[in-house]
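Visitor: kindly generate the corresponding structure for this input.
(one chain, ligands or ions: 1)
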Amino acid sequence: MQITGVSQTHLSHDLGDTFEPTWIPGYPQGTHEVELFEIETDAGITGRAASPSFAGGLDYADALSFFLLGEDPHDVGRIRRKLESVRLIGPRPWHLEMALWDVIGKDAGKPVYELLGGTGDPVRAYASTAERRGPEERLSYVEDRVAEGFEAVKLRFGPDPEDDLGVARRVRREFPDLTLMVDANMGWSVRVMEDRETWSAKEALRVARELEDVGGVAWLEEPLHRTDYEGLARLRERTDVPIAGGEFNEAGELRDLVDRDCLDVLQPDAAIATGIRGATEVAAHARDHGLDFAPHTWTNGLGFAANLHVMAAVDADWCEYPLEPPAWTPENRDFLLTESIDHEDGTVAPPDGPGLGVELDRDAIEAAAD
Ligand SMILES: [Mg+2]
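Guide: You can find the predicted model right below:
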């Protein structure tokens, strides 16, 4: 089989509302931007991939065609080496790998998780917020999630975390059994409206100690920059709260994060920085070191599906379920799919159709295309 075409479409889907993600400080996000890639083959099978996008995105379908045309999509290792070359000259291309697996799975008539050696068993999920909100608003969010069957919620913290700590304490008082995660989003940020202050090592340690006191905190995520290996390792040594990270780290950095004892929970994202194979390799490396694996998934429906196949294949500890209504709903998150990937009683199963197992919604894509 040969790759005969690579196309790219920039999509901008209107959310019908705005929200302020902590990772783009001060920015009221009202659209969901995606770069959609389709890989065509001489067998008539098309594979799909998507990456998150922003500010109109970067068009590099021509460069990808230069490297990928004529390649056999089954040769994942060889194509990953070619993607490494693409990485030298342009944007992160690792999401493209999900299109290969989509083709391979459709060709074999099997879902990707099965090809990777996993079962379709559901993965327990946590509800992942995006905004820093006040105690009343956040409590009512948590009440809704608990009523839906979630047993864990991830809160967002920021610079000057006193109010955020107050929210965490309040949620803990009302929901003594709820598992809490805390994402500080200090690992990276999109600085478009405001510069983003980050925590000092001392501040990160102080917050971690406060969270020890809150109790039932599964992890503190990205308390320091994503490549501050020494700072993360020191912090991890000095607190009982598990430290999580890795969502924007590429495979080599993730190995360093494990080998240098920086993290308790590895969170690679197959749609952002590792591809599917890279993510399963990180999972194996994490397991060898007795660490947990809970991928980042905050991208789009195709990215969510790709990460779910990885989770099912490696028996992940948690699935991130992005949810911050009214703007960020499963329908808006997965707008390019005919059906959103929904949780059931706080668990999520990987799609079980061939390949990634999801269908593109051509009407929605046409409406969102430039
Ligand atoms: Mg995060």
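Visitor: can you check my assumption that residue 5 lies in a strand?
Guide: Yes: under DSSP: H, G, I helix; E, B strand; the rest coil, residue 5 falls within a strand.
Visitor: tell me where this structure has helices.
Guide: For the chain, the helices defined by DSSP state H occupy 61-68, 76-89, 96-108, 112-115, 135-148, 162-174, 201-214, 229-238, 251-259, 275-288, 301-314, 330-333, 362-368.
Visitor: among those helices, which comes closest to the ion?
Guide: Ranking those by their distance to the ion (criterion: C-beta to the ion) puts helix 301-314 first, at 13.1 Å. Heads up, the C-betas are built off the backbone N, CA and C, glycines and all.
Visitor: elements contacting the closest one?
Guide: On a contact count with 3 or more C-beta pairs under 8 Å, 6 or more residues apart in numbering; DSSP states H and E, helix 301-314 meets strand 46-52, helix 96-108, helix 112-115, strand 123-128, helix 275-288, strand 319-322.
Visitor: what do you get if the cut-off is 7 Å, keeping everything else the same?
Guide: strand 46-52, helix 112-115, helix 275-288 (3 or more C-beta pairs under 7 Å, 6 or more residues apart in numbering; DSSP states H and E).
Visitor: now render those as CSV, adding mean neighbour count, distance to residue 182 and mean pLDDT.
Guide: As requested, the helices and strands packed on helix 301-314 are arranged in CSV below (neighbours: other C-beta atoms under 10 Å; distance: least, C-beta to C-beta, whole Å; pLDDT from 0 to 100):
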stretch, mean neighbour count, distance to residue 182, mean pLDDT
strand 46-52, 23, 22, 98
helix 112-115, 23, 29, 98
helix 275-288, 22, 20, 97
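Visitor: wait, isn't residue 29 in contact with residue 18?
Guide: Yes: using C-beta atoms under 7 Å, residue 29 is in contact with residue 18, at 6.0 Å.
Visitor: any chance of the helices of the chain in CSV, plus distance to residue 126?
Guide: Shown next, in CSV, are the helices of the chain (distance: least, C-beta to C-beta, whole Å):
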stretch, distance to residue 126
helix 61-68, 34
helix 76-89, 30
helix 96-108, 23
helix 112-115, 20
helix 135-148, 9
helix 162-174, 13
helix 201-214, 16
helix 229-238, 21
helix 251-259, 21
helix 275-288, 18
helix 301-314, 12
helix 330-333, 15
helix 362-368, 27
